[in-house]
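[1] Give me coordinates for this.
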Amino acid sequence: MDLDPNLDPNLDLVLTRDLKAPRDLLWRCWTTPEHLVHWFVPKPHRVTACDLDVRVGGRFNTTFLVDGDEMENLGVYLEVVPQEKLVFTDAYTEGWKPVPEPFMTAILTFEDLGQGRTRYTAIARHRNVETTRQHQDMGFFEGWGTVAEQLEAYARGLA
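    Residues are numbered from 1 along each chain as shown. As a prediction, this is how the structure comes out:
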């Protein structure tokens, strides 16, 4: 699976990892609230609520507890290709209601490498250079890298 040919280094942050976990388990971890809450934010932060309706136009809603502050993230799925690709954004909420200050669109791909391994790619696409820099300065690569490690470990525990 090739990366999106429309990648823009000024707007897109990309993380790719080869994970030692089968694609079907990683997919289940991303699409099942009971699993997502265990790995979705870097520890010691945690997910306190998760409501997913995994279909185009369905909700991708999560709430995090970060340093004592609760952060609600409401979004909607734009594309769902089972076991291969998830795209969701916080630019809209369920029912295609626009939000005043969207942050990003996430594009996730899962490529089966065989032997229980998966190439996992996460793209965070932003609306402008300032938002991209803000996300990078917030620790995109470290944070999303930690989350990929947590996802791998959690999925391996399910195997």
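[2] Just the helices from this structure, written as ranges.
    Secondary structure of the chain (DSSP state H): helices at 23-31, 33-36, 129-137, 140-158.
[3] Among these, which comes closest to His45?
    Nearest to His45 among the helices of the chain is helix 140-158; the distance by Cβ to Cβ comes to 9.3 Å. Quick note: C-beta positions are derived from backbone N, CA and C, even for glycine.
[4] now that closest one against helix 129-137, angle please.
    Relative orientation of helix 140-158 versus helix 129-137 (axes from the mean of the first three to the mean of the last three Cα atoms, to 10 degrees): 60 degrees.
[5] got a list of what the residue nearest in space to the middle of the chain touches?
    Central residue of the chain (Cα atoms, centre = their mean): Ala106, 5.8 Å from the mean position. Contacts for Ala106 were tallied using Cβ atoms under 8 Å, 6 or more residues apart in numbering; they are Leu86, Val87, Phe88, Thr89, Ala122, Ile123, Ala124, Arg125.
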